[in-house]
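1. Kindly return the folded structure for what I paste below:
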Amino acid sequence: MAGGDPPARQGGTATAAAATRQPGAVRTAAGAAAAHSAANHAAADRASRDAALVLGLTLPGDTVLYLLLPLHAAVFGVSLAEAGLLLAANRLVRILGYGWVARFYTRRGPRASCLLAVLGATAAAAGYALSHGVWWLLVARLLWGLSFAAMNIATQATATALAEGAARRSGTSRAIISTGPMLGLLAGAVLAEFQGPRLVFAVLAAVSLLALPFAWRLPAGPGEALHTPGPRFGLPARLDVWSFVQGMALDGVFVLGLSVLAAAALPQGAALAAGAALASRYASEILLAPPAGRLAERFGALPVLIAVSIVSAAGIALIGLGALWIGAVAVVGLRGLLQPLPAPVAAAANPGPARVPALARMSTWRDMGAGLGPLVAGTLLPLVPPVLLYGGTALALALTSLALLPRFRSPLRR
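-> Numbers count the residues shown, from 1 in each chain. Got it, this is the predicted structure:
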């Protein structure tokens, strides 16, 4: 071994060299992990934005119908009660269809689901522009209902795909989604005043096609594995009950009732007044949904959801007491804070494979309430004083919100 190191020294040198290399190896591994985590977050953010853009471009066809159908029921060849049925039908079909749509989403992934949904939404808006009478309009509403189910699952699933930052992504997603309905309501109300409601929906059908490139950018291939949560219509969790009442109150009674009460208060400018009020609801989501997501990240989504829901109930009660515009402004503002909160609450209570079914189940209960709301409002508004309808709705929302307080071991799960 002349000219070389003794064996002991060679071993010591090798050990020292290994020790010298170890911190660098650790730093390299940590850097690779950080880069991988950043890439995952960037991919989740992009998928959430694209899904939100898909829904934001197609949703105006539905929201503008809530404004124009009650005001122009005769133009579409339907009565006010039939208008309530049509506005409820898209949600009612989702009660039966959400499970099937969720399974399709799992098998085919967000890209295929949203591409089909965009085509369905475009056909539905074209149907509003061309159809006359309750039956053809009902077909369009059912088509829209299934299309919305796919896009709604995609927006919630992509926003909550990673637990870290889920509330932030949900808030950003709601702000993007709400931009389309806000602009559609304002433009649709003005265009309907001069050209009638039919042309409005022809334009909105063309706008829906702009969502196709964003649907194509979504991830392809199978979606997430589903966990079978038991009977579909078993005993609901308290969050499901709240979702039912929230859908009935804010997406049903409030929206249809606002158009009817606005027509009585301002006969000459009902479409513009109600359209501005409904558009402000989406403007509030654009402005307030991202801060709501940050509040939820800091204080927890559930406490913020309970507080905002109770104050929203007070706004609904004001409408029943005669303060129409004060109550309407309060409700639409608070709804901007409320909208991004349910999905993170449900996702946190149902981690892993149970998340997508829980989101679909919560949406199903919300649709049941929102489907019942227009039927209740369209039937009762001509018969009972608004104070009874809105007061009862506000009380139900307040009680189910208080029931979410975590007094029991598992307040959100079955």
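2. Please name the spatially closest residue to L210 (chain neighbours excluded).
-> Spatial nearest neighbour of L210, excluding adjacent residues (C-beta to C-beta, 6 or more residues apart in numbering): L57 at 5.2 Å. (C-beta placed from N, C-alpha, C; glycine too.)
3. Any regions of the chain where pLDDT drops low?
-> Low-confidence segments of the chain (pLDDT under 70): 1-38, 40, 222-235, 256-271, 273-274, 277-278, 407-414.
4. show me where it has strands.
-> With DSSP state E as the criterion, the chain has no strands.
5. quick one, what contacts A360?
-> Counting by C-beta atoms under 8 Å, 6 or more residues apart in numbering, A360 touches 98-99, 101-102, 153.
6. and if you look at D45?
-> Counting by C-beta under 8 Å, 6+ apart, D45 makes contact with 165, 169, 172.
7. wait, isn't the second one in contact with T160?
-> The one in question is R169. Yes: counting by C-beta atoms under 8 Å, T160 is a contact partner of R169 at 7.5 Å.
8. how close does the residue nearest to P386 when sequence neighbours are not counted sit to A126?
-> Among residues not flanking P386 along the chain, G320 sits closest, at 5.0 Å (C-beta to C-beta, 6+ apart). G320 is 37 Å from A126, where distance means C-beta to C-beta, to the nearest Å.
9. Comparing these two, which shows the higher neighbour count?
-> G320 (21 against 18; other C-beta atoms under 10 Å).
10. Pull the contacting residues for L186.
-> Applying C-beta under 8 Å, 6+ apart to L186 gives the contacts 275-276, 279.
11. in terms of contact, does R49 touch S170 like I think?
-> No: look at R49 against S170 with C-beta under 8 Å: they stay out of range, at 11.9 Å.
12. Compare those two (neighbour count), which wins?
-> For R49 and S170, the more surrounded residue by other C-beta under 10 Å is S170, and the numbers stand at 30 against 19.
13. which ones are touching the more buried one?
-> 156, 159-160, 289, 293, 340-341, 343-344.
14. again, 6 Å this time
-> Going by C-beta atoms under 6 Å, 6 or more residues apart in numbering, S170 touches 159, 293, 340, 343-344.
15. okay, now the closest residue to L318 other than its chain neighbours: neighbour count?
-> Spatial nearest neighbour of L318, excluding adjacent residues (C-beta to C-beta, 6+ apart): G327 at 3.4 Å. Neighbour count of G327, defined by other C-beta under 10 Å: 22.
16. got a list of what G327 touches?
-> Counting by C-beta under 6 Å, 6+ apart, G327 touches 315, 318-319.
17. where's the residue nearest the centre of the chain relative to C114, distance?
-> The residue lying closest to the centre of the chain (C-alpha atoms, centre = their mean) is N152, at 5.9 Å. According to C-beta to C-beta, N152 stands 11 Å off from C114.
18. before we move on, what about L204?
-> In terms of C-beta to C-beta, L204 sits 18 Å off from C114.
19. and which of the contacts of A360 is nearest A211?
-> Nearest to A211 among the contacts of A360: I153, at 15.6 Å, using C-beta to C-beta.
20. State the number of residues packed around P213.
-> Neighbouring residues of P213 were enumerated by other C-beta under 10 Å; the total is 12.
21. how about the residue lying closest to C114 once chain neighbours are set aside, what does it touch?
-> Once flanking residues are discounted, C114 sits nearest to A215: 3.9 Å by C-beta to C-beta, 6+ apart. A215 makes contacts with 54, 114-115, 118, as judged by C-beta under 6 Å, 6+ apart.
22. any idea how far A215 lies from I286?
-> Here the criterion is C-beta to C-beta. By it, A215 lies 22 Å from I286.
23. Neighbour-wise, give me the winner out of the contacts of D45.
-> R169 (27 neighbours).
24. what's near enough to touch it?
-> Here R169 is in contact with 48, 159 (criterion: C-beta under 6 Å, 6+ apart).
25. So it versus P291, what's the distance?
-> With C-beta to C-beta as the criterion, R169 and P291 are 14 Å apart.
26. Please report the number of neighbouring residues for R355.
-> With other C-beta under 10 Å as criterion, R355 counts 24.
27. wait, I meant A73
-> A73: 18 surrounding residues under other C-beta under 10 Å.
28. Nearest residue to it in space, please, no chain neighbours.
-> A73's closest residue in space is A83 (C-beta to C-beta, 6+ apart), at 4.7 Å.
29. Quick check, that neighbour in contact with L69.
-> Yes: in this structure, A83 is within contact of L69 by C-beta atoms under 6 Å, at 4.9 Å.
30. Isn't L67 up against L272?
-> No: taking contacts as C-beta under 6 Å, L67 lies outside contact range of L272: 10.0 Å.
31. out of those two, which sits in the busier spot?
-> L67 (29 against 16).
32. List the contacts of the closest residue to the more buried one other than its chain neighbours.
-> Excluding its sequence neighbours, the residue lying closest to L67 (C-beta to C-beta, 6+ apart) is G275, at 5.3 Å. G275 sits next to 67, 185, 189 when contact means C-beta under 6 Å, 6+ apart.
33. For R94, see how far away G275 is.
-> G275 sits at a distance of 25 Å from R94 (criterion: C-beta to C-beta).
34. what does T160 give?
-> Using C-beta to C-beta, T160 is found at 19 Å from R94.
35. burial count for the nearest residue to L380 once chain neighbours are set aside?
-> What sits nearest to L380 in space, not counting adjacent residues and going by C-beta to C-beta, 6+ apart, is L389, at 5.4 Å. Using other C-beta under 10 Å, the number of residues around L389 comes to 21.
36. Ok, the one 3 residues further on next?
-> Summarising burial for G392: neighbours were counted as other C-beta under 10 Å, giving 18.
37. and what of P291?
-> When counting by other C-beta under 10 Å, one arrives at 14 neighbours for P291.
38. That one and R49, how far apart?
-> 18 Å.
39. I316 now?
-> As judged by C-beta to C-beta, I316 and R49 stand 32 Å apart.
40. repeat for W136
-> Separation of W136 from R49 (C-beta to C-beta) stands at 35 Å.
41. so I286 makes contact with R174?
-> No: with contacts counted by C-beta under 6 Å, I286 stays clear of R174, the gap being 8.3 Å.
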